[in-house]
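>>> What follows is a predicted protein model with its sequence.
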Amino acid sequence: MAVLAVAAALANLIVKQAMRRIFRRAAAAWDTGGSHALTQMVRRLANVVPAIIVARGVGSVPHLAEPAIMVVRNVSGAFMVLTIALAVGAGLNLVNEAYQRRPDAGARPIKGYVQVVKILIYAGAAILIAAALMEQSPLLLLSGLGAMAAVLLLVFKDTILSLVASVQLTSNDMLRVGDWIEMPQLNADGDVIDIALHTVKVQNWDKTITTIPTHRLITESYKNWRGMFDTGGRRIKRALLIDQTSVRFLSEQERADMQRFALIDEYLDRKQIELERSNAVLIAAGRDPVNTRRVTNIGTFRAYVMAYLKTHASIAQDMTMLVRQLQPTAEGLPLEIYCFTNTTVWAEYEPIQADIFDHLIAILPEFGLRLFQVPSGLDIGRFAVERAA
């Protein structure tokens, strides 16, 4: 028995060394991050040889009872099946690692399919191991699975749902590794870092990890921001609340003073010609001047904002650009700016948006307009002091 054990150990060592030399070049190619799966596969395959030696040589051990010989052979056969199954699993991991190095791997990951194949291989290996230990035909064990179909469907319910969901996600290109998704019902808001058979991992912006069951990405709604990155523009949609009591017509002198703004110089000239033509008919008919059209300060400011956006270097000129009034509210008249920056990087987007509104808020008084702001305690205190004085 000692000679048999030494022979099995030496065979294992020799086979491992030989296989390492054979796969040395392949292992060197995987040193950048994929050598672990290759090492695991080589080690598992090398363990098959000593199991064969033990199964073949145990019958030559003198004075060993026949039942003991059968047990050793059965265990050796089961060990070989297990080792080969684990080697195939490591080979599938190697295939997945090789696929992930492709540029388009993030768009169509195969990790879920690899896991399905591994489950089938391990399930088949479990049946063969049980057959080897019991010295029964695998077909006999498979025939009994029909009665267990309902139990198996119940046990593997999540796996079946996840497999169907994974196929739908991949075939419809609904999710990729690297996509930014939002799923508020599961507190997920960040980048997808892994798509597996049962789960999808999302790294949130606070660096926490949210694990989402794959089938829930089919049955529930979520927002994918990939379209924004593909277009190359990020939306700005923010409103200035204008104090409606500051909205008025511009006098002739005020309108002339507005000519100093180079951005709306052409607008004012064009508007003046348009109004003169329109009002000439009313004046000729002897209408009261109140019926004539006049330039407003908020309309002029709206034209200024549009011209400012059109000349801004960080605003995408080929995408939708609007400056519009929304429904007046108790908090003022919302003047909404709707446009897109020419970058999708968050750290660059926020300064661009802040610079635009810094400028607009600062220049607003030049048009005789005021922003609406709910009175604070300081405002009320000043009002009380003024009344008392």
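Perfect, I can see it now.

>>> what separates residue 68 from residue 1, distance-wise?
11 Å (CB to CB, to the nearest Å). Backbone N, C-alpha and C define where each C-beta goes, glycine included.

>>> Count the neighbours of the nearest residue to residue 58 once chain neighbours are set aside for me.
Ranked by CB to CB, 6 or more residues apart in numbering and with sequence neighbours excluded, the top spatial neighbour of residue 58 is residue 72, at 4.6 Å. The number of residues packed around residue 72, counting by other CB atoms under 10 Å, is 19.

>>> Make sure residue 72 is indeed in a helix.
Yes - applying DSSP: H, G, I helix; E, B strand; the rest coil, one finds residue 72 inside a helix.

>>> Could I get the phi/psi values of residue 219?
Here is the backbone geometry of residue 219 (degrees, to the nearest 10): phi -80, psi -20.

>>> how far away is it from residue 183?
As judged by CB to CB, residue 219 and residue 183 stand 12 Å apart.

>>> who's more crowded, those two?
Remark: of residue 219 and residue 183, residue 183 carries more neighbours, 20 against 9, as counted by other CB under 10 Å.

>>> Now do the contacts for residue 222.
Residue 222 is in contact with 181, 182, 183, 188, counting by CB atoms under 8 Å, 6 or more residues apart in numbering.

>>> no no, residue 83
For residue 83, the contact set (CB under 8 Å, 6+ apart) comprises 44, 45, 47, 48, 51.

>>> Quick check: of the residues you listed, which lies closest to residue 309?
Here the nearest of those to residue 309, counting by CB to CB, is residue 44; it sits at 63.2 Å.

>>> So the closest one sits against residue 86, correct?
Yes - with contact defined as CB atoms under 8 Å, residue 44 counts as touching residue 86 (4.7 Å).

>>> got any ranges where the stretch 101-250 of the chain has weak pLDDT?
Residue ranges of the stretch 101-250 of the chain with pLDDT under 70: 106-107, 140-150, 152, 171.

>>> Tally up the residues packed near residue 349, please.
Neighbours around residue 349, by other CB under 10 Å: 19.

>>> Tell me where the stretch 1-150 of the chain has strands.
Taking DSSP state E, counting those that start in this stretch, the stretch 1-150 of the chain contains no strands at all.

>>> if we can go back for a sec, how about the contacts of residue 222 in CSV, adding distance to residue 254 and secondary structure?
Shown next, in CSV, are those (distance: CB to CB, whole Å; DSSP: H, G, I helix; E, B strand; the rest coil):
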residue, distance to residue 254, secondary structure
181, 51, strand
182, 47, strand
183, 52, strand
188, 53, strand
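
>>> that older thread, give the buried subset of the contacts of residue 83 as a ChimeraX selection command.
To isolate the buried members of the contacts of residue 83 in ChimeraX, using 16 or more other CB atoms under 10 Å:
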select :44,45,47,48,51
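
>>> out of the contacts of residue 83, which one sits closest to residue 281?
residue 44 (93.7 Å).

>>> OK, contacts around that closest one?
For residue 44, the contact set (CB under 8 Å, 6+ apart) comprises 83, 84, 86, 87, 90.

>>> how far away is the closest residue to it other than its chain neighbours from residue 19?
With sequence-adjacent residues excluded and distances taken as CB to CB, 6+ apart, residue 44 is closest to residue 87, at 3.6 Å. Distance of residue 87 to residue 19, computed by CB to CB: 11 Å.

>>> Over to residue 185?
Applying CB to CB to residue 185 and residue 19 gives a distance of 50 Å.

>>> now swap in residue 261 and tell me
Computed as CB to CB, the residue 261 to residue 19 distance reads 79 Å.

>>> same thing with residue 201?
34 Å.

>>> Which of the three states applies to residue 317?
coil.

>>> quick one, phi psi at residue 243?
When read as degrees, to the nearest 10, the backbone of residue 243 gives phi -70, psi 120.

>>> One more: the one 5 residues further on?
Backbone torsions of residue 248, given as degrees, to the nearest 10, read phi -160, psi 170.

>>> that older thread, list the residues that contact the residue nearest to residue 44.
Contacts of residue 87 (CB under 8 Å, 6+ apart): 40, 41, 44, 45, 48.

>>> now residue 125
Residue 125 touches 81, 82, 84, 85, counting by CB under 8 Å, 6+ apart.

>>> Check the gap between the residue nearest to residue 122 when sequence neighbours are not counted and residue 267 for me.
Of all residues not flanking residue 122 in the chain, residue 85 sits nearest, at 6.0 Å (CB to CB, 6+ apart). Distance of residue 85 to residue 267, computed by CB to CB: 76 Å.

>>> What count of nearby residues applies to residue 174?
By other CB under 10 Å, 16 other residues sit near residue 174.

>>> One more: residue 292?
15.

>>> Next: residue 322.
Residue 322 sits with 11 neighbouring residues when counted by other CB under 10 Å.

>>> Which phi and psi values does it adopt?
Here is the backbone geometry of residue 322 (degrees, to the nearest 10): phi -140, psi 150.

>>> Bridged to it, which residues?
residue 338 (DSSP bridges).
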